[in-house]
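# need a structure here:
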Amino acid sequence: MKLPKFSKETKNNHPIPPWMEDMAEGDFISCDTVFKMGGYWDIFDKCILPCEGKGDIRYYVYNPIKHGGLSADRKYPVLMWIHGLNCSIDGIRCVGYCGGEQYASPRYQEEMGGGAFIIVPLANEKRLEDDTIVGSWDEEYLPYLKDIYDKVCMENAENIGAKFIMGASAGGYVTWRMLELYGDYFKGAIPAASIYVPDKESLSKMEAAGIHLLVAHGRHDEMALFKDCIEPIEKELQNMKNCICYFPEWVRNEDKGISSINYGIEMGQHCIINAIQGNLIYTDGTCYDEILPNGVTGWIREVCQR
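From the prediction side, this is the model:
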C-alpha cells in the first residue's frame, strides 16, 4: 500500500475535513491530543523474537513489578497493543502510536487495579522509494505474535493474570484474527477501527468462549467506513452478552473537540486509538460515554474481576 510521507509540512496543513459540513453548530475541530508521547518510553524494555519466517521481530515490554515497584506475589493483567499500518518504522515511537504508552503511566496502572504488563510487538515494515509500505501485518505474523505473548507469560509465570489484546486499524484486524485463532487464550479484547470484521459464526464462538469485547469504531471513520465494516454485524455485536459497543457519532480528543489529523490524508475520525489512549475520559473528568463511566482502565479492571 502507498502512503504519503507523514512530514511536518503535511502534519501542520489542515484543510477542511470531508465531514466538516456534518458538524453541529457550536462544535469545533481539535487537531491534537492532550496527552503527549514519549514520557514513558524509557521504562519499556526492548526485546527480540528470533524468527526465520518474517525476520527477527522486535517487541517492547513494560513490566509492572520491575518498573512499578509493585508486589511480586500477585497476578497482573497482560495487555498486548497492536499498531496500525506504517507505525513500526519509527521504532520506540510505536509504543505511543499503538495506543499503549499511557497505560504504563502510574495513574493508568493504578486505575487498572494496581498494575499491568504491556507488550508492543512491531511488524518489520519498510517504506520503498515509491512510498509503498511493505512488511506490514499479515496472516503469517499471527503465530509469532502468540509466541511473543507466550514468552512474556512464561518469563513471568507467577505474576500473569487475565490476558488482553487490542489494536486499531490494521491492529484491529490483527486483534480480530487473534481472537478467531486463539479465542480461549484471551479474556478481553479491544478491536478498533478495523476494516476486517469477523462473521456471525465467529462472533458466536467468541461469546461462547466468554471473551469480553470493547469494540470501538467512529461513525464518520474516513478509512474503515462504518456502513461497510460495522453495520452488517452491529445487531450481533449489540446483542452479545460480554460486548460493549463504543460507536460514537464523532471521535473526539480530550478537549471535547472533533478529532482531525491530516498527514496528507484526513484520518482524524479513523484514529479512534487516540481517544482510547486518552482513556475515553475528558480533561474535565467526565467520561466520553456513560457505557464506560470509568474509562478503558475501569473496563479492564472490571473484566479482571469477573
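# where exactly do the strands run in the stretch 151-300 of the chain?
Applying DSSP state E, counting those that start in this stretch to the stretch 151-300 of the chain gives strands spanning 160-168, 188-192, 212-216, 243-246, 258-259.
# can you redo the ones you listed as a markdown table with mean neighbour count?
(C-beta placed from N, C-alpha, C; glycine too.) As requested, these are exported to a markdown table (neighbours: other C-beta atoms under 10 Å):
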| stretch | mean neighbour count |
| --- | --- |
| strand 160-168 | 24 |
| strand 188-192 | 26 |
| strand 212-216 | 24 |
| strand 243-246 | 19 |
| strand 258-259 | 25 |
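# will you turn those strands into JSON lines that also has distance to G100?
Output for these, formatted as JSON lines (distance: least, C-beta to C-beta, whole Å):
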{"stretch": "strand 160-168", "distance to G100": "8"}
{"stretch": "strand 188-192", "distance to G100": "11"}
{"stretch": "strand 212-216", "distance to G100": "15"}
{"stretch": "strand 243-246", "distance to G100": "18"}
{"stretch": "strand 258-259", "distance to G100": "19"}
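# Please convert those to JSON lines, extending it with distance to P121 and mean pLDDT.
Output for the strands of the stretch 151-300 of the chain, formatted as JSON lines (distance: least, C-beta to C-beta, whole Å; pLDDT from 0 to 100):
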{"stretch": "strand 160-168", "distance to P121": "10", "mean pLDDT": "97"}
{"stretch": "strand 188-192", "distance to P121": "15", "mean pLDDT": "98"}
{"stretch": "strand 212-216", "distance to P121": "20", "mean pLDDT": "98"}
{"stretch": "strand 243-246", "distance to P121": "24", "mean pLDDT": "98"}
{"stretch": "strand 258-259", "distance to P121": "26", "mean pLDDT": "96"}
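# Please name whichever of those strands is nearest to T286.
strand 243-246 (15.1 Å; C-beta to C-beta).
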